[in-house]
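Q: I'd like to go over a predicted model; first the sequence, then the structure.
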Amino acid sequence: MTQIKSTAGKEQGSVLIPMVILTLLFFILGFVTWLNGPLIPFFELACELTESQAYFVAFAFYIAYFVMAIPSSWVIEKVGYKNGVSLGLIVIAIGAFMFYPAAETRTFLFFLVALFVMGTGLAILQTAANPYVVVIGPRESAAARISILGLANKLAGFIAPLALTALVLSNMKDYTADKIAALDAETKAQALDALALQLQTPYIYMGIVILILAGIIRLSPLPEIDLDQDGNVSKQNIWKQMANAFKFPQLVLGVITLILYVAAEVIAGDTIGKFGKQLGVYGENGDLYLKLTSFTMTAMVIGYLLGISLIPKYVSQVTALKASGILGIILVLLIVYIDASIMIQLPFLPAMPLVIILVALMGLANALCWPAIWPLALQDLGGYTKIAGAILVMGIIGGAVFPLFYGYLAEMINVSNEAAGITATAKSGNQLAYLMLLPAYFMILFFAIKGHKYRSWSRK
């Protein structure tokens, strides 16, 4: 049994206070994370990158989760969950401050290092914060609690691209690839330098706000949690803990499912802008494609609201995960096979390709995956919950690797189409590359139907 080391832990208020704090943390987490979507086309232009190179923005950020998850678990074991949350925020702030010299030099590698540092802070934060929400209340309502955090995360994901576009990228229409290419070398360098420098002020302010939040968390009444009351697991070294944790099939299958789910979530959020730009989604101000990540986040917010309303009173977290897998499969097939020239008119928005709306709707399919996978994968792990949480965080590597595959596949198909004289508006590589998400949604469906029930690798 899990215990919160606080006398108030037996009272309703002991759940409310941590939830308020965690909701604020996940808003910050979402704001930092979903800035990556509009940064991809921004860096492609400012740092003169190819399409596949631009997706290293997602790789550098999300690979930190894989590299730093186990070290994060060790750090949290030494400093505790509460101090781990504060430390994670401090590391995120350091990464934000690194954007200043990166922009000063307009060096893409420096930007990638800054993104890796921010990802490291988020890995510490995720490793410390996620077990909290699973253990501070009844397990059967864990998906609903995670949905509340996910709502804050995706609400921030809706706001972040709009804020970055308004503060930094609003004049991207003046820096189109064609206009930049027409400049002489010196004027071109000056224009791109000026574009990169626009990132400095917002990231400095963001770093300061996050540092202040770290101090507030350090002084907050967030309770410490004990996931290993008898101390048997904590006596084992980290590698022994990992080896023993992998004996639980529900964890292993949960990690695989999480890898593929995160791939689907990141691709849906981070590629829609580039795809929209290719299809000419510019809007009146010429920057609508930079805001398309907010469309995906809006769909996810709707999904999380449904989760909060329906789980567990009307729908179990398992049923929600099944529905997510089925909806994802349907959407991928529609995205790949629909004609990209079909337009749709939405209220208060210019007409845009239906396929873009379908990509955004993958956010709805993805919304309840994270809230359902975590409690199902961590069920019955006892003292191994801490290390299992770190291993699950490592599954976020899906967001690092698969966007690179998407970018490479899209680029190769586009080059092949161009060589064959096929127009980019028909079945472009950016559209066909979404087919790679089909196995991800089938795995989500399998885990929901059967995978989470396994408790032994033996067939007996």
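A: Looks like it came in fine.

Q: Tell me the pLDDT of Thr7.
A: pLDDT, Thr7: 36.

Q: scratch that, Glu224 is what I was asking about
A: Value for Glu224, per-residue pLDDT: 68.

Q: likewise Met19?
A: The model's pLDDT for Met19 equals 82.

Q: can you give me how far the strand or helix carrying it is from the chain middle?
A: Secondary structure from DSSP states H and E places Met19 in helix 13-33. Relative to its chain's centre, helix 13-33 lies at 16 Å (CA atoms, centre = their mean, to the nearest Å).

Q: That one packs against which elements?
A: Contact here means 3 or more CB pairs under 8 Å, 6 or more residues apart in numbering; DSSP states H and E; on that basis helix 13-33 packs against helix 81-97, helix 108-135, helix 142-164, helix 200-219. Every C-beta, even on glycine, is put in place using the N, C-alpha and C of the backbone.

Q: Contacts for it next, please.
A: 4, 6, 8, 61, 85, 89, 92, 96, 118, 122, 125-126, 129, 132-133, 136-137, 145, 148-150, 152-157, 159-160, 206, 210, 213, 217, 220-223 (CB atoms under 8 Å, 6 or more residues apart in numbering).

Q: swap in stretch 149-162?
A: With CB under 8 Å, 6+ apart as the criterion, stretch 149-162 contacts 22-24, 26-35, 37-38, 133, 269, 273, 290-294, 296-298, 300-301, 304-305, 307-308, 363, 367, 370-371.

Q: Could I get the CA-only coordinates of that stretch as CSV?
A: Provided in CSV are the C-alpha atoms of stretch 149-162 (Å, rounded to 0.1, in the frame of the first residue of the first chain):
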residue,chain,number,x,y,z
LEU,A,149,-3.5,17.5,-15.2
GLY,A,150,-3.6,16.7,-18.9
LEU,A,151,-6.3,19.4,-19.3
ALA,A,152,-3.9,21.9,-17.8
ASN,A,153,-1.1,20.6,-19.9
LYS,A,154,-3.0,20.8,-23.2
LEU,A,155,-4.6,24.2,-22.2
ALA,A,156,-1.0,25.4,-22.0
GLY,A,157,-0.3,23.7,-25.3
PHE,A,158,-3.2,25.7,-26.8
ILE,A,159,-1.9,29.0,-25.4
ALA,A,160,1.9,28.4,-26.0
PRO,A,161,1.9,28.5,-29.9
LEU,A,162,-0.5,31.5,-29.9
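
Q: Now stretch 192-203: buried residues?
A: Neighbour-count burial for stretch 192-203, counted by 16 or more other CB atoms under 10 Å, picks out 192, 195-196, 198-200, 202-203.

Q: Would you show me how to pick out the buried ones of the contacts of helix 13-33 in ChimeraX?
A: Buried residues among these (16+ other CB under 10 Å), as a ChimeraX selection:
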select :4,6,61,85,89,92,96,118,122,125,126,129,132,133,136,137,145,148,149,150,152,153,154,155,156,157,159,160,206,210,213,217,220,222,223
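
Q: May I have the phi/psi pair for Val281?
A: When read as degrees, to the nearest 10, the backbone of Val281 gives phi -90, psi 90.

Q: Kindly report the same for Pro353.
A: The phi/psi pair for Pro353 (degrees, to the nearest 10) is phi -60, psi 140.

Q: Next: Cys47.
A: Torsion angles, degrees, to the nearest 10, at Cys47: phi -100, psi 10.

Q: Please name the residues that touch it.
A: Neighbours of Cys47 in contact, by CB under 8 Å, 6+ apart: 106-108, 111, 192, 196.

Q: Please read off the pLDDT at it from the model.
A: The per-residue pLDDT of Cys47 was computed as 87.

Q: what's the angle between the helix holding Met19 and helix 108-135?
A: Taking axes from the mean of the first three to the mean of the last three CA atoms, to 10 degrees, one finds helix 13-33 and helix 108-135 inclined to each other by 160 degrees.

Q: List the buried residues of helix 13-33.
A: Quick answer for helix 13-33 (16+ other CB under 10 Å): 14-15, 17-19, 21-33.

Q: Mind exporting the C-alpha coordinates of it to CSV?
A: Presented in CSV, the C-alpha positions along helix 13-33 are these (Å, rounded to 0.1, in the frame of the first residue of the first chain):
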residue,chain,number,x,y,z
GLY,A,13,-7.8,18.2,1.7
SER,A,14,-4.6,16.2,1.4
VAL,A,15,-5.7,15.2,-2.2
LEU,A,16,-6.9,18.7,-3.1
ILE,A,17,-3.7,20.6,-2.2
PRO,A,18,-1.3,18.3,-4.2
MET,A,19,-3.7,18.3,-7.1
VAL,A,20,-3.7,22.1,-7.2
ILE,A,21,0.1,22.2,-7.1
LEU,A,22,0.4,19.4,-9.7
THR,A,23,-2.1,21.1,-12.0
LEU,A,24,0.1,24.3,-12.0
LEU,A,25,3.2,22.2,-12.7
PHE,A,26,1.6,20.4,-15.6
PHE,A,27,0.5,23.8,-17.1
ILE,A,28,4.1,24.9,-17.0
LEU,A,29,5.2,21.5,-18.4
GLY,A,30,2.7,21.8,-21.3
PHE,A,31,3.7,25.4,-22.1
VAL,A,32,7.3,24.5,-22.4
THR,A,33,6.7,21.3,-24.3
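
Q: can you give me the strands for the stretch 151-300 of the chain?
A: 225-226 (DSSP state E, counting those that start in this stretch).

Q: Quick one: the helices in it, in order.
A: 177-181, 185-197, 200-219, 238-245, 249-270, 272-278, 292-310 (DSSP state H, counting those that start in this stretch).
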